[in-house]
Every structure is written in structure tokens, then in C-alpha cells.
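Could you work out the structure for the sequence below:
(chains A and B)
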Amino acid sequence: MSAGPSHLKSLDYSIVQQCMHCGLCLPTCPTYDATKLERHSPRGRIALMRAIADDKLDVTKAFGDEMYFCLGCLACMTACPAGVNYAELFEHARAEVEEQRVLAAPKRDLIRWFAVRWLFMDLARLQLVGQAMRLYQQMGLQSLLRRSGILSLLPQRLRELEAITPDIQPQFSAEIISPITPAVSRRRYRVAMLTGCAQDLIYSDINRDTVEVLAQNGCEVVTPPEQSCCGSLHAHNGEWTLAQQLARRNLDQFPPEQFDAIITNAGGCGSHLKHYAKLLVDDARYFERAKLWDAKVKDIHEWLVQIGIRVPANARSNRREAAPSEIQDRPSRLPSAAAQQELVVTYHESCHLSHGQKIVSQPRELLRAIPGVKLVELPEANWCCGSAGIYNLTQPDMAGQLLARKLGHIASTGARTVATANPGCLLQLVNGAKERGMKLRIVHPITLLAEAYRAEPEANPFGR
Amino acid sequence: MPYGTDTLTQLQEILGAQNVLTTREDLIAYSFDGTAAMQQLPGCVAFAQTTEQVVQVLRLANATKTPVVTRGSGTGLSGGSLPCPDCIVLCLVKMNRILEVDRANLTLLVEPGVTTLAIADAAAGEGLFYPPDPGSMKISTIGGNVAENSGGLRGLKYGITRNYVMGLEVVLPDGEVCWTGNKCVKDVAGYSLRDLFIGSEGTLGVITRVLLRLIPKPAAKKTLVATYADMGQAAQTVSDIIAAQIIPCTLEFLDRTTIHCVEDFAKVGLPLDCEALLLMETDGHPAAVAEEAAKMEELARKNGAREVRVARDDTEATKLATARRSAFSALARLAPTTILEDATVPRSELATMIRFVDTVAKKYQLRVGTFGHMGDGNLHPTFLTDERNKDEMHRVEEAFKEIFAEAIRLGGTITGEHGIGLAKKSFLPKFAGDAQMRVMRALRRALDPNGILNPGKMFD
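Next up is the predicted model:
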């Protein structure tokens, strides 16, 4: 952003000043809870940002480290009675850190260039890399290498990373979703479907499930094959200009006036997608359209509850607990012969769905609507699982602590099925469960809903 | 670092290097508490984890005459835990163990860094009750609650922190450890030093253990919300309830401005078209609760309440109380700086005081949101301002001078529950009078001859 507010000093001072340091955010901040240090709390971080705005502190490396130690989970925004816009402060602070290059180091620069500036700027590149990884996994190279022990020659960090590489889907969204999916019965709405980037690569089946569920509820779904990243990765990592570029691309591809809603099914993306107007506030050509876009972007759960869903018929139920062989990171087709049985499900809230978008009740409402599902509350359901975008890669210690805490709570519920609506959380929980040998099925709520529609007695266009 | 690197090195030896913070980033994060428009960088921040470490830190500070400001979660509202220049901030949040639950004597022994909520939860886990519930209870620490003698929403019936402290372990400024109080309900051996340390605002010693009194959990409770077109009607309802010899556990009020801010944040369905709202709660034996709730509802209606709503269940009651606790912070939605006071008057003078606050706000052209504990006369007039607006800040000061003078005139006090700290230091001598000031100074000098503990706070 050229003349834009990417510096803390040029931010409207009322935003910096809004925090009245009452401390009510402290108990909800995972990094404060773990360390009991004020600088690792929202209140402390805002004090540092304000000190920079007031010329009482330089943008130091320690400040930069602090901004990247923050998960950006936004739990503080839910806790804050004063309504401090921490999300905005945080993104500007990271932008400031990047512009001042206080964290610059050859390795970091290279990784950032590769991921943020190259890979996620063009999804064709991402898919290419995805295809290469898929090949690596499908040819059995991965398991061969893993068995051979040759990976032990890699540095520890790389070995850890290799172990958590997600399984790439055999097909990406464009291969399994047609550009236009008609509504199953009468068309009530016309919506656009954003397939996401990570989501598309490793959870394209969730995208397909989403489209099916929309179609089942009277939506004609437009899903163009070539899509762009939403830019949240860029905005959260201090790359304002790139984030703006991606926002414009999306506005061009999905003119908001042509749709009743623009649907996203990933909590992290949705939280960013709803704020394009703020990102493009200085862009006369795009600003008005961005405002309309913001109003049209809907999280899938939000949209379904808003339009009211058709409750799936209580069919030849195929509900059953996951078998040990299904310790898996993606939903599989469940056999339909099993006797009717209650499926105990617990729900983990994606931070940016609950704190970022304040969508709390809708996913639970949808889960409860599924015949045979018994929803049990997860303690600390809205506490971060440690995934936090790429936080589990950049801050593995803190991420690991949070993951252990989350899995402990999951175990305490007795549920074998965990529903969550963000690819980062899905992946984090899958890896955590796998590592600990926990027999869990981690699944998007919409997948459970799609399965319920498929299992209905009457055949339908998507029934299997 | 103004004090010798020797002092710092010794501090690191006592606590471990990782428990002594000196970088500018860390000092900035500890340069304030919950009080508006006050900031001061400390010399360093030190975390003690045992009484023995506190002893050694105080010995070192006393020998080198280094000021020490004790701190918990930094939620105080009178600047009591604001650092003084070059001080050691002694932060006790890592001393957060619950040491003993004694069901036979109904007591709880805790370290000072345990949060108020954790104490309430620990008591509830045993089927018992710890009533004091300051607005910041989710994060405020018991050490801070005792040092400030915090109140809360239940003061009217259950009293304040002082009424639940049975014993204290205190490290004196010279490093000597002193236990005062015990598990006996009756104990008249000597002066009650325990009571001297309660509310001493970190000026007489460092509290390292707290023995708390718990009470049986009331079997039932009922929560009501009444709304009025006029604040006078709400005040009259409260007077009538007390006159009917009902002592509810909570009688809280919010004015129009505060209602809007709280609803904007908490979304609990508060009505937005009224001038005053009363949050009332009665607890105890189910039969008594039912009778009292019915009577309170009747009195509210008699005084012209537009609507009286009864909370459906515990969850809704808790939501309403939590919403009320957010009032102060929620007012910050309207202005960058919110300056909150807690002038307190005898209950009978409450309506007069509320009217006076309004008059003063108009006279000085200030925006004010008022809420507080109507049942115990503890008001929280909160001026909505901007600390960068020097002229308006000056008018706020002038307004408070008048409010305090009026509170004193009505037989009230300049602070009901937040403490003197720095915010009300200049008002204390006039309020307390010469004799009290002389005794307080003598006491402080006797315990802390070198003046190392929280210097500059409360009085000089």
C-alpha cells in the first residue's frame, strides 16, 4: 500500500488508543496463559505498537519476534469489551516489521519469497507443486524414503516437516466440481464457491461436499476452475500490496453483484475475505465493489442457517464410530449397512470462524440437525489448536503445547469424531492424532451434512 | 539502569536470569496497570516463585534502598501498581498454587498469584462459595484483591475481600516473614495486623500466602432485570427494597449510556430504550428467594418499572452478571480515554449523588456514563474523554474535585473499592484528616523505615 496505513504511525490513532488496558483479554490469550509475560499478551503487544506510534520505541527485532509469536487467533477480540480492533493493529504491525526488515535473514527471506510471493500468488504454481507432491506420494516414493531411513539424514526440523506433509488429494476441486452446479430442486439462489488454496490441494473433497450441500438447498453454484488465493496469508504476514493485488483479482473474477452470496468454507479465509473494503480503502476503482463483496461473502455455515436448510431425512443410517483403520485425515465413504447408531461428535471452533467472524452457533446448529448425530461440547472449544496459519511451522514449541492441550480436551469428551471448519485446524488435529495414535476422525461439519444427504433413502443426483 | 549492575546481578542470582526482565520491550509492557492515562517505565521486572525468593529480593532492595512495586495482573484502577521510576516491579503471577482446601474449617490457602476466578471455581468445586467478585475477577489476583481490599457486585449482602481473609503470610520490607491470623473464627490476641495489611496497597509488606474463609453455597438464587424511564425511580426501588428489610446479594444499576455500550459488547438482550436498568439478585433458601424475588418485582413495578424480566436459568443469570462486569471496559467503545471513579455515599444519599454527578457533568461539558453498586452506595461515574485533549482532561479533574467534595459532604468516601494509589493521593489528606494521616505515616515508617515499598503511593 503506497500511501496506505501500513505503518503504525500513520494508523488512525483512535485504533491504537482504543485499548484501555483493563486486562480482560489476558486470560483468553494462549501465549499469555502459557508464559504469564505481559509482552506476550494482547494488552502488552498493543502497548508496544502504541510505543512505536508514539516514537517511544523503534521497530526492533524483539518487536518483530513478538508480532510473530502472537498466534493471531483473535480470542482477545471476543474478550474485549472496549471493541479494540486487534486484527487490524496486528496486520499493520506485521507489515511494519516486514517493511523495516528487522527480521530479515537469508533463509527466512527465501522461504517467504517462495511461499508468500511466489507460490501463493498463483494457484497454478501451487497446483504444480501439489501435483509433484502427489506424484511423490502416489509412486510410493514417500513411504519408500520413510522406510529406508534415508530421511534421518535430513536436519531435524526438515524431518519433522516431512512427517507432517499433508496427503495431497488425488483430484483437485476443478477436476471434481463442474463450473456450474445446478440446484437440486427449485433454484432459490445463485452463489459463487471459493475453493481456496490449501483447502483445494488437501481437502478438495470438502469443496465438493460444500457444493453438494448448497445444491441440495436450492443454490446454483458457480465454481470457476481457475481461482486465486484470498490473500489472507499475505495480509497476516505483512504483505499488504500482494494482499491488495489478490483482492482485486477476486473482485474481477467474482463480480459481487452477480451473486446472492459468495461462499467460503474455510474459517481463516472467510475472516479475511469479509474485509476487502478495508484493504482497498484507498482504491477509488475497487472500493465500492469491495464493500458490496464484503456484504456478500458468507461462511458456508452462516449462509445455510440464514437460508434455512432442508434437514436430511433419517435414512438407512450409516452412522458408526470410526474404526481403528480410519485414523485418517480425510473423510472416507462410510459403509451404509451398519445398524442405526448414535454418532458422537465434538466441535472445535476455528479461531477465525469464531473470533474473526463471530460464527459460533451456526456450525453447532447444522451438526445437531444431522439425524443420528449427538453433539458433545468440547471444553475450551474456542481456544486455538496451534495451527494458526503457518504458526505450527514457525513456532513449533508453542504450537505443540496448544495441540496437546486441545487433544487432551478432545479425549475428555469421548467423541471419536471431531468436526472443525478450517483446513489448518483439520491438518493440525489430524497430525496430532496420528502422532499420538488417537483413533479420531477429523472432519468438516459440511462433510457430515453431505454424507447425511447422500444416505437419504431417495436417490438424488448426488446420491452414491 | 540507575541502580548498580551489582543489584541486577544479585537479583538474577536470586531469581534466575530468565525471571528478571530488563529489555525496553518488556519494561513498556509493565509500565501501566488498569488505570487510565498513567504510564511509567520501571527499572526492571522480577518474578518470584517462592516466599524465600521474595525474602531475598526485599533484603536486597532494603539494603540498596531500591524501590519495589508489587504487582499481580495489573488490573488496578487507582494506579496502585504503576511502577515508580527505577523500581523493581515484583510480579507474583507465577506464585499461583492453590495450597489447601480445608473442608472441616471451610478455608482455602492460596498463593497470591491465584486469580479470583480460580478461587471462586475451587470453592465451587467443593460445593462452597467465595463471594467477592470484582469486575476483573477473571484475571485479577487474590494478592492484589487483598492489597486493595477489593469489592464487587455482592458487597451489599456478602461484604468485601476483608470479610473473607482469615490469615496472611507477609514478607516485611526488611525480609522478615510474618504470619498474621489463623483458622480460628475467634482470635483477639494482640492487634489485628492482618487487617492492617488488607488494603495497604503494597506499602507495608508483600503478601505471599492468603488464608481465605469460604461459606456454604446458597441453595438457590434468582436474578431480575428491571428497566426505568427515570433514574430516580430505580434509586427509589433500591431504597424501598432495603426499607422492606430485604438484603439482596446484588443491586446493580446502569445508566442509558452504559446500557448501550454493554449491550453492544455482550449482546444479552438489554432493553435500549430506557434511562436506567437495575440488575437484582437474591440468593439463599429457595423459599426465601422466591418470596424476596416476588417482593422485589412488586416494588420495582410500584416504582414505575417499565419491564421486569426474570433470568430463566443460571446460564442467563451468569451472562447478565458478566455483562455488568464488562461495563467499565465497554464504555471505552465511546471514547479513547475512560476515567472511572468510585465515590461512595451512604445508601440513603444515593439518589442525591447521582443527580449531583449529572449536574457536574453538564457544568463542565463532559460526557459521563454512570453505573455501579446501588445497593451499597458505591458509584462509578465514568468520564468519557481523550487524554490528548488537555483542556477536557483539566475539566475532568475539576469535576472530580467537586464530586469528591460532595461525597464527603454527604458522609461518604472518596473511594469505595479501588484504593488511593496515585489517582486519589491528593484527596486523601483532606478526607482522612490530620490525626489519621499522622497515624498512617507513623505506621508506614515503623514498618518500612527506608521507604522501599511502593513509594509515592497513597501518601508521602
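
Figure out the helix or strand that A:R364 lives in.
In this structure, A:R364 sits in helix A:361-369 according to DSSP states H and E.

Which strands or helices does that helix pack on?
Helix A:361-369 makes packing contacts with helix A:300-307, strand A:343-347, strand A:373-376, helix A:445-454 when contacts are defined by 3 or more C-beta pairs under 8 Å, 6 or more residues apart in numbering or on different chains; DSSP states H and E. For glycine as for every other residue, the C-beta is placed from the backbone atoms N, C-alpha and C.

so which of the ones you listed gets nearest A:Q142?
When the helices and strands packed on helix A:361-369 are compared by C-beta to C-beta, helix A:445-454 sits nearest A:Q142, at 24.9 Å.

How far away from the center of its chain is the closest one?
Chain-centre distance of helix A:445-454: 19 Å, with C-alpha atoms, centre = their mean, to the nearest Å.

Kindly format the C-alpha coordinates of it as PDB.
Extracted in PDB, the C-alpha atoms of helix A:445-454 (Å, rounded to 0.1, in the frame of the first residue of the first chain):
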ATOM      1  CA  PRO A 445     -19.100 -30.200   9.500                       C
ATOM      2  CA  ILE A 446     -20.300 -29.800   6.000                       C
ATOM      3  CA  THR A 447     -18.900 -33.200   5.100                       C
ATOM      4  CA  LEU A 448     -21.000 -34.800   7.700                       C
ATOM      5  CA  LEU A 449     -24.000 -33.000   6.300                       C
ATOM      6  CA  ALA A 450     -23.200 -34.000   2.800                       C
ATOM      7  CA  GLU A 451     -22.900 -37.700   3.900                       C
ATOM      8  CA  ALA A 452     -26.300 -37.400   5.500                       C
ATOM      9  CA  TYR A 453     -27.900 -36.200   2.300                       C
ATOM     10  CA  ARG A 454     -26.200 -38.900   0.300                       C
END
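
Give me the mean pLDDT for that helix.
The predicted model assigns helix A:445-454 a mean pLDDT of 97.

does the closest residue in space to A:L201 that isn't next to it in sequence belong to a helix or a strand, and which?
Leaving aside its sequence neighbours, A:L201 sits nearest to A:G130 (C-beta to C-beta, 6 or more residues apart in numbering or on different chains; 4.4 Å). Element membership for A:G130 (DSSP H and E) is helix A:123-138.

what's the offset of whichever helix or strand comes after that helix from the middle of its chain?
Later in the chain than helix A:123-138, the nearest helix or strand by DSSP H and E is helix A:141-148. Computed by C-alpha atoms, centre = their mean, the chain-centroid distance of helix A:141-148 equals 30 Å.

which other helices and strands contact helix A:141-148?
The contact analysis (3+ C-beta pairs under 8 Å, 6+ apart) places helix A:141-148 against no helix or strand.

Identify the residues contacting it?
Applying C-beta atoms under 8 Å, 6 or more residues apart in numbering or on different chains, the contact partners of helix A:141-148 are A:135-136, A:151, A:165.

If you compare the directions of that helix and helix A:123-138, what angle comes out?
50 degrees (axes from the mean of the first three to the mean of the last three C-alpha atoms, to 10 degrees).

Any buried residues in helix A:141-148, and which?
Within helix A:141-148, the residues that count as buried by 16 or more other C-beta atoms under 10 Å in any protein chain shown are A:Q142.

Quick check: the residue of the stretch 1-150 of chain B nearest chain A.
Residue of the stretch 1-150 of chain B nearest chain A, by C-beta to the nearest C-beta: B:A29 (3.6 Å).

Which residues are in contact with that residue?
Applying C-beta under 8 Å, 6+ apart to B:A29 gives the contacts A:37-39, A:41, A:43-44, A:47-48.

pLDDT weak spots in chain A?
For chain A, the stretches flagged by pLDDT under 70 are A:1-6, A:153-155, A:157-158, A:161, A:315-340, A:458-464.

Identify the residue nearest the residue nearest the centre of chain B in space, chain neighbours excluded?
In chain B, the centroid-proximal residue (C-alpha atoms, centre = their mean) is B:S150; its distance is 3.6 Å. In space, and not counting its chain neighbours, B:S150 is closest to B:P134: 4.3 Å by C-beta to C-beta, 6+ apart.

Okay, and that neighbour sits in which element?
Taking DSSP H and E as the definition, one finds B:P134 inside no helix or strand.

Look up the pLDDT of it for me, please.
94.

Touching, A:T60 and B:I28? I think so.
No: using C-beta atoms under 8 Å, A:T60 is not in contact with B:I28, being 11.0 Å away.

and the two? which has more neighbours close in?
Neighbours per residue (other C-beta atoms under 10 Å in any protein chain shown) separate A:T60 from B:I28, with B:I28 holding more: 23 against 17.

How about the residues of chain A by chain B?
For chain A, the residues in contact with chain B (C-beta under 8 Å from any C-beta of the partner chain) are A:14, A:17-18, A:20-24, A:26-27, A:36-39, A:41, A:43-44, A:47-48, A:51, A:56-57, A:60, A:62-63, A:66, A:80-83.

Quick check on these: which are buried?
The neighbour count (16+ other C-beta under 10 Å) marks A:17-18, A:20-24, A:26-27, A:36-39, A:41, A:43-44, A:47-48, A:51, A:57, A:60, A:62-63, A:66, A:80-83 as buried among those.

taking those one by one, which sit in strands?
Taking DSSP state E, every one of those sits outside strands.

winner for burial among the helices and strands packed on helix A:361-369?
Burial of the helices and strands packed on helix A:361-369 is given as mean neighbour count (mean count of other C-beta atoms under 10 Å in any protein chain shown); helix A:445-454 ranks first at a mean of 24.

same for it, what does it pack against?
Packed against helix A:445-454 by the contact rule (3+ C-beta pairs under 8 Å, 6+ apart) you find helix A:198-216, helix A:300-307, helix A:361-369, strand A:417-419.

Export those as JSON lines, with columns for distance to B:R438.
Conversion of the helices and strands packed on helix A:445-454 to JSON lines gives the following (distance: least, C-beta to C-beta, whole Å):
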{"stretch": "helix A:198-216", "distance to B:R438": "71"}
{"stretch": "helix A:300-307", "distance to B:R438": "66"}
{"stretch": "helix A:361-369", "distance to B:R438": "61"}
{"stretch": "strand A:417-419", "distance to B:R438": "66"}
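
which residues touch B:L204?
Neighbour list for B:L204: B:170, B:172-173, B:196-197, B:443-444, B:447-448, B:453 [criterion: C-beta under 8 Å, 6+ apart].

Let me know the closest of these to chain A.
For the contacts of B:L204, the residue nearest chain A by C-beta to the nearest C-beta is B:L453; the value is 21.4 Å.

bridging residues for the closest one?
Per DSSP bridges, the residues bridged to B:L453 are B:V68.

measure it to B:L447 for me?
Separation of B:L453 from B:L447 (C-beta to C-beta, to the nearest Å) stands at 8 Å.

re the thing from before, now, the most widely separated pair of the contacts of helix A:141-148?
Pairwise distances across the contacts of helix A:141-148 peak at 17.6 Å for A:L135 and A:L151 (criterion: C-beta to C-beta).

taking the mean pLDDT, what do you get for stretch B:31-48?
Mean per-residue pLDDT for stretch B:31-48: 96.

which non-adjacent residue is nearest the residue of the stretch 101-250 of chain A found nearest chain B?
Here the stretch 101-250 of chain A gets closest to chain B at one residue, A:V102, 12.1 Å apart by C-beta to the nearest C-beta. Taking C-beta to C-beta, 6+ apart, and ignoring the residues beside it in sequence, A:V102 has A:G64 as its nearest neighbour in space, at 4.4 Å.

ok, now A:D283?
Counting by C-beta to C-beta, 6+ apart, A:D283 lies nearest to A:Q244, which is 7.2 Å off, once chain neighbours are set aside.

First-to-last residue distance for stretch B:154-165?
Using C-alpha to C-alpha, to the nearest Å, one end of stretch B:154-165 lies 16 Å from the other.

ok now that stretch, how far from the chain's centre?
Relative to the chain's own centre, stretch B:154-165 is displaced by 12 Å; criterion: C-alpha atoms, centre = their mean.

Cool, thanks, signing off.
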